[in-house]
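1. sequence plus the predicted model coming up.
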There are 2 protein chains.
Amino acid sequence: MPGYGQFCPVAKTCELFAERWTPLVIRELCGGPAQFNDLTRRLPLMSKTLLTQRLRELEHAGIVSITAKPTGPGHIYGLTAAGEEFRPIIEMLSLWGQRHLRSILKPEEFDPIFLLLSVRSQIPRSSHPAERFVICFELRGLPNSKVASRRWWFVVVHPEVELCVKDPGHPIDVTIAADIETFSRAWMGYIGLADDAAHRDIVFQGMPQAVERAKALLGLHDRARERRLIYGPPDMVDALHA
Amino acid sequence: MPGYGQFCPVAKTCELFAERWTPLVIRELCGGPAQFNDLTRRLPLMSKTLLTQRLRELEHAGIVSITAKPTGPGHIYGLTAAGEEFRPIIEMLSLWGQRHLRSILKPEEFDPIFLLLSVRSQIPRSSHPAERFVICFELRGLPNSKVASRRWWFVVVHPEVELCVKDPGHPIDVTIAADIETFSRAWMGYIGLADDAAHRDIVFQGMPQAVERAKALLGLHDRARERRLIYGPPDMVDALHA
DNA sequence: CAGTATCCGATGCGATACTG
DNA sequence: CAGTATCGCATCGGATACTG
């Protein structure tokens, strides 16, 4: 039996939604339409075969739209109107985890690429500066298996933010030196940015004005114990908690 | 690899929540604390082995509380405070299904016992009449495999509602004759109680006063296109939709 | 009634290799 | 880059039988 054999709408919805990897695919698409390899980069442990299969299933269920790219091979994957209605569910799952799963994170789960892609996706287009702005991340505390490098760069220049694994050579405006675990916890909302650990382990280096600008770009203002939503304005948090 | 290997709170929460049968176990406990066999009756296709395993996992995760019964063997299973926080998620999954999954229900998913247990759980204790009140359900349209019977009885008498599979012999106050599929759809919110199909296929028989009383007990007033929450007051629907 | 223990089978899923 | 095809295994979970 594939499903649960019940007409209850919770059961029927779970047959679609609560399959392995499916909520995470929807989580990704909540960040906006994406291409196949965008998804694979953010879901590195999911096989391409299964990703294809899930995207097809979700399209068939009316949750995902698949449209051919205007030029070249490949498709654009996005949420339909029905798919968008999963967004609040994803957000509540996120909030639940932030509140209750602080202590059970494992070292090997802290992935700098996933983290920095998350950070990049939160930089609003509208706030990109016209002139180039370069932020360097120095992450320490990486598990030995992942120390291919410890530095990454964001090159913010008008409509794009490029995430570089190799030094792009531009002058650096701000360096953010942080312990990856603390930064991940703060970014994902497990701890507040004003917590002791965050203040101790996340250091901004650069001209005061540039630092302020970097914090504004990344949404890293110092409000205490703020809970972060992965998608959507932080104000929604209060609404959801109420 | 058991989990998703990501520190993202959505991923970590899904490792607990989005496992097979788990959301339905939580759905059941949203109806209040229950004993083991209460759960098996409402989850007839779930093996007892797996139910035990899931309950243990959920207890370990701090979502379910397991307490020994004061008398006799067995335990009482309930949601912890953290578990209660899944209730709005269950409700949103339910609403999503009601809105988008109307057409993909299969005949074999319409189960009179599950349906009538759902109905019974919605009768508020406070509204039980002091004197006995008997409602008979005549459900037609059952798949051949399930025609063990076509009549069931609710015996409402003060603190309890008994669901009988055999005629309890009491005089019947109200008979509800309905097509099981239409009644299930209406009860679960896929269609409104004021829809044509519901009006045609769900018939109340009895003295006008008794019929009104039955409708009040079961919450079957005739409001058009009302969406039903499986748990909680219908008013919440508007709040969730807003 | 309330579970446990054991076994075994399907299938879901990952690994690898391949294609336009 | 954007997938597809094939294979094989591991594990999840259902069936059955058993226990206090």
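-> Now that the structure is in, tell me what you want to look at. Residues are numbered from 1 along each chain as shown, chains lettered A, B, ... in the order given.
2. kindly report the residues of chain A close to DNA strand C.
-> Contact residues (Cβ under 7 Å from any atom of the strand) of chain A with DNA strand C: A:2, A:19, A:20, A:21, A:45, A:46, A:47, A:48, A:49, A:50, A:73. Any C-beta I mention is one placed from the backbone N, CA and C, and that applies to glycine too.
3. filter those down to the buried ones, PyMOL style.
-> Selecting only the buried entries of those in PyMOL, with 16 or more other Cβ atoms under 10 Å in any protein chain shown as the criterion:
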select buried, chain A and resi 19+21+46
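4. and chain B, which of the residues of chain A next to DNA strand C contact it?
-> Checking the residues of chain A next to DNA strand C against chain B by Cβ under 8 Å from any Cβ of the partner chain, the ones in range are A:19, A:20, A:21, A:45.
5. which SS state does the last one fall under?
-> It stands for residue A:45. coil (DSSP: H, G, I helix; E, B strand; the rest coil).
6. what about the closest residue to it other than its chain neighbours, how many residues nearby?
-> Closest residue to residue A:45 apart from its sequence neighbours, by Cβ to Cβ, 6 or more residues apart in numbering or on different chains: residue B:5 at 4.7 Å. Other residues near residue B:5 come to 17 when the count uses other Cβ atoms under 10 Å in any protein chain shown.
7. can you check residue A:63 too?
-> Neighbour tally, residue A:63, other Cβ under 10 Å: 25.
8. need the pLDDT of residue A:178.
-> You'll see residue A:178 listed with a pLDDT of 96.
9. three-state assignment of it?
-> When classified by three-state DSSP, residue A:178 comes out as strand.
10. give me the beta-bridge partners of it?
-> residue A:139, residue A:202 (DSSP bridges).
11. go ahead and confirm it touches residue A:136.
-> No - in this structure, residue A:178 is not within contact of residue A:136 by Cβ atoms under 8 Å, at 11.3 Å.
12. which ones are touching residue A:83?
-> Contact partners of residue A:83, counting by Cβ atoms under 8 Å, 6 or more residues apart in numbering or on different chains, are A:26, A:29, A:58, A:62, A:63, A:64, A:65.
13. no, scratch that, I was asking about residue A:207
-> With Cβ under 8 Å, 6+ apart, residue A:207 has these contacts: residue A:173.
14. if I look at it, how far off is residue B:35?
-> 66 Å (Cβ to Cβ, to the nearest Å).
15. just the C-alphas of stretch A:196-207, formatted as CSV.
-> This file holds the C-alpha atoms of stretch A:196-207, laid out as CSV (Å, rounded to 0.1, in the frame of the first residue of the first chain):
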residue,chain,number,x,y,z
ASP,A,196,26.7,35.7,24.4
ALA,A,197,27.9,33.0,22.1
ALA,A,198,27.0,35.0,19.0
HIS,A,199,28.6,38.1,20.3
ARG,A,200,31.8,36.2,21.2
ASP,A,201,32.1,34.0,18.1
ILE,A,202,30.9,36.3,15.3
VAL,A,203,33.2,39.3,14.6
PHE,A,204,32.8,41.9,12.0
GLN,A,205,36.0,43.5,10.7
GLY,A,206,36.2,46.7,8.6
MET,A,207,35.4,50.4,8.5
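16. returning to that earlier point: just say helix, strand or coil for the residue nearest to residue A:45.
-> Of the three states, residue B:5 takes coil under three-state DSSP.
17. secondary structure element holding the most centrally placed residue in chain A?
-> Against the mean C-alpha coordinate of chain A, by Cα atoms, centre = their mean, the closest residue is residue A:118 at 2.8 Å. Applying DSSP states H and E as the criterion places residue A:118 in helix A:112-121.
18. who's in contact with that helix?
-> The list of residues contacting helix A:112-121 from outside it, by Cβ under 8 Å, 6+ apart, reads A:31-32, A:41-42, A:44, A:137, A:139, A:142, A:146, A:152, A:154, A:161, A:163, A:180, A:183-184, A:187-188, A:218, A:230, B:6-8.
19. would you mind listing which of those are buried?
-> Applying 16+ other Cβ under 10 Å to these flags A:31, A:42, A:137, A:139, A:142, A:146, A:152, A:154, A:161, A:180, A:183-184, A:187-188, A:218, A:230, B:6-8 as buried.
20. can you pull the residues of chain A lying near DNA strand D?
-> Counting by Cβ under 7 Å from any atom of the strand, the residues of chain A lying close to DNA strand D are A:1, A:35, A:36, A:37, A:38, A:48, A:49, A:52, A:69, A:73, A:74, A:75.
21. the fifth one: what's it in contact with?
-> Contacts here follow Cβ under 8 Å, 6+ apart; on that basis residue A:38 touches residue A:28.
22. beyond the helix or strand where it lies, next helix or strand please.
-> Take DSSP H and E as the rule and residue A:38 turns out to sit in helix A:36-42. Proceeding N to C from helix A:36-42, the next assigned helix or strand is helix A:48-60, under DSSP H and E.
23. mind listing what's buried in that next one?
-> By neighbour count on 16+ other Cβ under 10 Å, the buried set for helix A:48-60 is A:51, A:54, A:55, A:58, A:59.
24. neighbouring contacts of stretch A:138-157?
-> By Cβ under 8 Å, 6+ apart, the residues outside stretch A:138-157 that reach it are A:107-108, A:110-112, A:116, A:119-120, A:123, A:128-129, A:131-137, A:161-165, A:167-168, A:170, A:172, A:175-183, A:217.
25. and what of stretch A:43-62?
-> Under Cβ under 8 Å, 6+ apart, the answer for stretch A:43-62 is A:16, A:19, A:21-22, A:24-26, A:28, A:36, A:39-40, A:64-66, A:77, A:80, A:82-83, A:111, A:113-114, B:1, B:4-6, B:100.
26. mind giving me the PyMOL select for those, buried ones only?
-> Selection of buried members from the contacts of stretch A:43-62 for PyMOL, criterion 16+ other Cβ under 10 Å:
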select buried, (chain A and resi 16+19+21+22+24+25+26+28+36+39+64+65+77+80+82+83+111+114) or (chain B and resi 4+5+6+100)
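27. work out for me the element the one residue in chain A that gets nearest to DNA strand C sits within.
-> Residue of chain A nearest DNA strand C, by Cβ to the nearest atom of the strand: residue A:20 (3.0 Å). Taking DSSP H and E as the definition, one finds residue A:20 inside no helix or strand.
28. how close does it sit to residue A:51?
-> With the distance defined as Cβ to Cβ, residue A:20 ends up 12 Å from residue A:51.
29. for residue A:212, which residues are in contact?
-> Counting by Cβ under 8 Å, 6+ apart, residue A:212 makes contact with nothing.
30. any idea which element it lies in?
-> Using DSSP H and E, residue A:212 sits in helix A:208-218.
31. try residue A:205
-> Short version, using DSSP H and E: residue A:205 is in strand A:202-206.
32. residue B:202: which of the ones next to chain B among the residues of chain A next to DNA strand C is nearest?
-> Nearest to residue B:202 among those is residue A:19, at 34.2 Å by Cβ to Cβ.
33. residue A:65 versus the closest one, what's the distance?
-> For residue A:19, the distance to residue A:65 - Cβ to Cβ - is 19 Å.
34. and for residue A:157?
-> When Cβ to Cβ is applied, the distance between residue A:157 and residue A:65 equals 30 Å.
35. per-domain residue ranges of chain A.
-> Domain assignment of chain A by automatic domain parsing yields the ranges A:9-100, A:107-218.
36. I'd like the ones you listed as JSON lines, with distance to residue B:199 appended.
-> As requested, the domains of chain A are exported to JSON lines (distance: least, Cβ to Cβ, whole Å):
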{"stretch": "domain A:9-100", "distance to residue B:199": "22"}
{"stretch": "domain A:107-218", "distance to residue B:199": "49"}
